[in-house]
Structures are given as structure tokens and as C-alpha cells.
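Visitor: sequence and predicted structure are below.
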Amino acid sequence: MRESRFWSLMEDEFGETYAHILAGELVLTEYQLTARQALQQGIDARRVWEAICIQQDVPEERRLGRDIPAKITPPES
């Protein structure tokens, strides 16, 4: 997972502001680092995201991100 996708998932789940606060304050039990520190140390963004989901009790159905309906362009006549 790219780090940009990590931030997108974080902001979708926790809100644009709180996502960044959480990443800098929540110590992930698995790593004994905050999410921001874990990313800086090269830990895969997917693993960091999964650790946050577990600690914050994010439901399984929301761990891949929210469903965004596809934009369907009507055929031209």
C-alpha cells in the first residue's frame, strides 16, 4: 500500500483532522511506535493501517475503505 492510500483511508475513517492527530499520538501496541513513527521507520503502510484498525476496533467491512459509487456517463445519442 502506498502511503498516500494509507492517509486516504485514515481520513475517510477518522476525519481529515483527527486522522493526523491519531497517527501522531496513538502508540501502536504491535510496534511500540505511533503510526507516523512506524511509517518513518519504513514499516509497510498496510501493516500500520491494520494495526490501527485492530486497536481502534474498525469493523472489517470498513478496512478497505468506503465504497464510492462509480460515475456512469450516459451514452451520447
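Guide: Structure's in. What do you need?

Visitor: tell me the helix or strand right after the lowest-mean-pLDDT helix or strand in the chain.
Guide: Within the chain, confidence by mean pLDDT, DSSP states H and E is lowest for helix 3-14 among all helices and strands, at a mean of 94. The helix or strand immediately downstream of helix 3-14 is helix 16-25, counting by DSSP states H and E.

Visitor: give me the pLDDT for residue 21.
Guide: Note for residue 21: predicted pLDDT of 97.

Visitor: and it, how far is that from residue 10?
Guide: Relative to residue 10, residue 21 is positioned 10 Å away (CB to CB, to the nearest Å). Any C-beta I mention is one placed from the backbone N, CA and C, and that applies to glycine too.

Visitor: which of these two has more residues huddled nearby?
Guide: Neighbours around residue 21 and residue 10, counted as other CB atoms under 10 Å, are more numerous at residue 10. The numbers are 21 against 11.

Visitor: ok, and the closest non-adjacent residue to the more buried one?
Guide: Excluding the flanking residues, the one nearest residue 10 by CB to CB, 6 or more residues apart in numbering is residue 19, at 3.8 Å.

Visitor: how far away is residue 62 from residue 34?
Guide: For residue 62, the distance to residue 34 - CB to CB - is 21 Å.
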